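1. have a look at this prediction, sequence included:
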Amino acid sequence: MTAGWKMTENINFLLEIAMREGYYGKEPFDLRLTALRMLRNLNQIIVFTLAGTLVFGGGYYVRNVLLYGETLYSAESTYKVEYSDPDWAGDGTYINEATWETYVHTEEFLNMVQKRLKEQENGWELDNPELSGMLEARLATDLRVPSTIVTSTLPEKTLDVAKAVEKAMTEDFPAAMGEVDSIRVINPAGEAAEVVPDVRPGRAFALSALLSCFFTVVILLLKETGDDSIWLPSTIRKRYGLPVLGTLNSRDFLENAAYLLREKERVGVCFAGEEGNPEELAKRLGEHTDISFVPVQAPICFPEAAKKIRELDGVVVGVKAGRHAGKPLEYTLEYLSQQDCEIIAALLWEADEGLIRAYYCFEGAGTGYFGKKRKQETGNGK
């Protein structure tokens, strides 16, 4: 009879463990808790956003404003092209913008411009690579209206090269192109205007701040969801199916302890992780109950603690709130279950009471028996 009762008790205990392990990995996403945790990390978000703004926005400002190179001048000439084929559009015998840009950088065209430069009084001596770097061709609207732009550091040189390009385009270039009948200048380069760079430091700083904030929030969210953290007592129950006493300041702590620890005389107390003092936890729990709490070393560090726990009526596992608290607890539960140690409940230790109050939107922490006692001791409560 005794053997049959013992076997039934073991089967029930194993079923309980199996049900508890079924909770692993099934915890739903808690948007409210995540939002509160992000508010707790608001100082980090601000710091990294400011740092990113200074690095990227400041880098843009230094490169484009403080370290901006020599002043440049440009002169633009606009032409009208007459094609040899009257139906040039239908036959596709026209020159597009990419082709114009290619032509003005060819050796043939550069030599035409060099010949025209030698005819001028100033007689600028430029090699073809330098001359090519000064030229640019555009085709803004009409396929028959190209433009050439000359850019250099000297306004006189810019204007002289622009005049040479105009002569090469109108007198030399059509003779070398069969599809072009004639080219005439409809808007000559009259002056070399200073090139004003399109620098927008305000937008650069705003975009840097926005992107820095966005990526900071994304990284913190990934870190928050991947840290296997425990911040609420309910997380232990939802994730591991383990009864929870709450925190020492929970208003329901004494009722949970009275119910979960009923008919218990000697209960072990240990921590799931390496941190935590089991003597202090046993002392705090024993101050307001008649149960004898026996401190036990953490099984994750001292596996031989399981033998001592089996000699007691069960064990209360302390879980220190914070990051990376889940895996040590999971390891401890699995080890104690294999060692046939009865896990009565868990207690969240050193919890963020402000976070818990904000999560449940009422004074749920600091109003329990321990919280009232502290208020009376400090003269803040009746």
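-> Arrived safely, thanks for sending. Residues are numbered from 1 along each chain as shown.
2. okay, helices next: where are they in the stretch 101-250 of the chain?
-> 107-118, 128-134, 155-167, 173-176, 201-226, 233-240 (DSSP state H, counting those that start in this stretch).
3. redo those as TSV? Include mean neighbour count, distance to E279 and mean pLDDT.
-> Using the backbone N, CA and C atoms, a C-beta is placed for each residue, glycine as well. What follows is the helices of the stretch 101-250 of the chain, written out as TSV (neighbours: other CB atoms under 10 Å; distance: least, CB to CB, whole Å; pLDDT from 0 to 100):
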stretch	mean neighbour count	distance to E279	mean pLDDT
helix 107-118	18	89	92
helix 128-134	16	79	92
helix 155-167	22	85	93
helix 173-176	15	95	88
helix 201-226	15	33	92
helix 233-240	20	22	90
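4. and those: which comes nearest D352?
-> D352 sits nearest to helix 233-240 of all the helices of the stretch 101-250 of the chain, at 11.6 Å, using CB to CB.
5. among the helices of the stretch 101-250 of the chain, which comes closest to R144?
-> Closest to R144 of the helices of the stretch 101-250 of the chain is helix 173-176 (CB to CB; 13.1 Å).
6. from the contact counts, what lies against that closest one?
-> Packing contacts for helix 173-176, counted by 3 or more CB pairs under 8 Å, 6 or more residues apart in numbering; DSSP states H and E, involve helix 107-118, strand 180-187.
7. G326 is nearest to which of the ones you listed?
-> helix 107-118 (70.3 Å).
8. would you mind pulling up the elements that that closest one packs against?
-> Under the contact criterion of 3+ CB pairs under 8 Å, 6+ apart, helix 107-118 touches helix 128-134, helix 155-167, helix 173-176.
9. wait, which of the ones you listed is closest to V217?
-> Short answer: helix 128-134, nearest of the helices and strands packed on helix 107-118 by CB to CB, at 44.2 Å.
10. picking that back up, in JSON lines, list the helices and strands packed on helix 107-118 along with distance to A282.
-> Shown next, in JSON lines, are these (distance: least, CB to CB, whole Å):
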{"stretch": "helix 128-134", "distance to A282": "81"}
{"stretch": "helix 155-167", "distance to A282": "87"}
{"stretch": "helix 173-176", "distance to A282": "96"}
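11. tell me which of those lies nearest to G286.
-> Of all the helices and strands packed on helix 107-118, it is helix 128-134 that lies closest to G286, at 85.1 Å by CB to CB.
12. what's in contact with the closest one?
-> The contact list for helix 128-134 (CB atoms under 8 Å, 6 or more residues apart in numbering) reads 104-105, 107, 110-111, 113-114, 126, 150-152, 158, 161.
13. show me the strands in the stretch 251-382 of the chain, by range?
-> 266-271, 292-295, 315-320, 343-349 (DSSP state E, counting those that start in this stretch).
14. ranking these by burial, who's on top?
-> Here the criterion is mean neighbour count by mean count of other CB atoms under 10 Å, and of the strands of the stretch 251-382 of the chain the winner is strand 315-320, at a mean of 26.
15. in the protein, what spans have low per-residue confidence?
-> Scanning the chain for pLDDT under 70 picks out 1-27, 69, 362-382.
16. can you do 80?
-> Within the chain, the segments meeting pLDDT under 80 span 1-28, 67-70, 122-123, 198, 288-290, 362-382.
17. just to revisit the earlier point, A140: which of the helices of the stretch 101-250 of the chain is closest?
-> Among the helices of the stretch 101-250 of the chain, helix 155-167 comes nearest to A140, with 17.1 Å by CB to CB.
18. neighbouring contacts of the closest one?
-> For helix 155-167, contacts defined as CB under 8 Å, 6+ apart pick out 73-77, 79, 104, 113, 116-117, 119-120, 122, 124, 126, 131, 134-135, 148, 150-152, 185, 188-189, 191-192.
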